[in-house]
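S.K.: Got a predicted structure plus its sequence, pasted below:
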Amino acid sequence: MDFTRTLIIGNSGSGKSWLAERLARHLQVPWVDLDSIHWLSDEHSIARPRGEALAMARIAASQERWVIEGVYGWIVSELVHRATALIWLCVEDEECVANIRQREAGRDDKDELLIALLDWAGSYRMRDDSSGYAAHKRLFAGFTGSKLQRMDRAEVMAFASTLRRTN
């Protein structure tokens, strides 16, 4: 597979950032988390204006080599023509919610942003927006380059372990 410019898509909590970090380290390329482009603040409460976010994403994708990951189909659809590989982490919603709970274990259960994130991840297969399952499925089906689909955490980890073996 040609991982020169790799996009990783999937639900919140599917393991995109975890995999992107490892793949980027393996390839020795920059890694961009689309959360850092979409959100103005670390709290994920104030979205950046769309035009500004798209401009930033296009700059990142204009580089010769990269790994870019995120849930935002409206951004990914603007970058996919530059990608040489597309990885879709198509992990069940319940597993994503459990992963988020584990990752955010130190946060208060009444934290409104955490509750919103858990609701968001739990509705991935039902959402009819550019960041939902149906939109990601269309992006994946339409992609003509190298592509991989991983269905659960074990498959994601198994793929990551192949990266270590090829060093």
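M.R.: Yes, it's here. Numbers count the residues shown, from 1 in each chain.
S.K.: show me what contacts the most centrally placed residue in the chain?
M.R.: Central residue of the chain (CA atoms, centre = their mean): Gly70, 2.8 Å from the mean position. Taking CB atoms under 8 Å, 6 or more residues apart in numbering, we find Gly70 in contact with 8-9, 16, 33-35, 37-38, 76. (C-beta placed from N, C-alpha, C; glycine too.)
S.K.: so the residue of the chain most remote from its centre is in which element?
M.R.: Note on the chain: the largest C-alpha distance from the chain mean falls to Lys110, namely 25.6 Å (CA atoms, centre = their mean). Using DSSP states H and E, no element contains Lys110; it sits outside every helix and strand.
S.K.: Show me where the chain has its strands.
M.R.: Assigned by DSSP state E, the strands in the chain fall at 5-10, 31-33, 66-69, 85-89, 146-150.
S.K.: can you list contacts of stretch 128-144?
M.R.: Stretch 128-144 has contacts (CB under 8 Å, 6+ apart) with 9-11, 71-74, 76-77, 80, 83, 86, 88, 90, 123-127, 147, 149.
S.K.: Narrow the residues you listed to those that are buried.
M.R.: Among these, those classed as buried by 16 or more other CB atoms under 10 Å are 9-11, 71-73, 76, 80, 83, 86, 88, 90, 124, 147.
S.K.: Might one say that Leu23 is in contact with Val156?
M.R.: No - judged on CB atoms under 8 Å, Leu23 makes no contact with Val156 at a distance of 10.8 Å.
S.K.: which secondary element of this protein has the worst mean pLDDT?
M.R.: Sorting the helices and strands of the chain by mean pLDDT, DSSP states H and E puts helix 153-165 at the bottom, at a mean of 89.
S.K.: and the angle from that one to strand 5-10?
M.R.: With axes from the mean of the first three to the mean of the last three CA atoms, to 10 degrees defining the directions, helix 153-165 sits at 160 degrees from strand 5-10.
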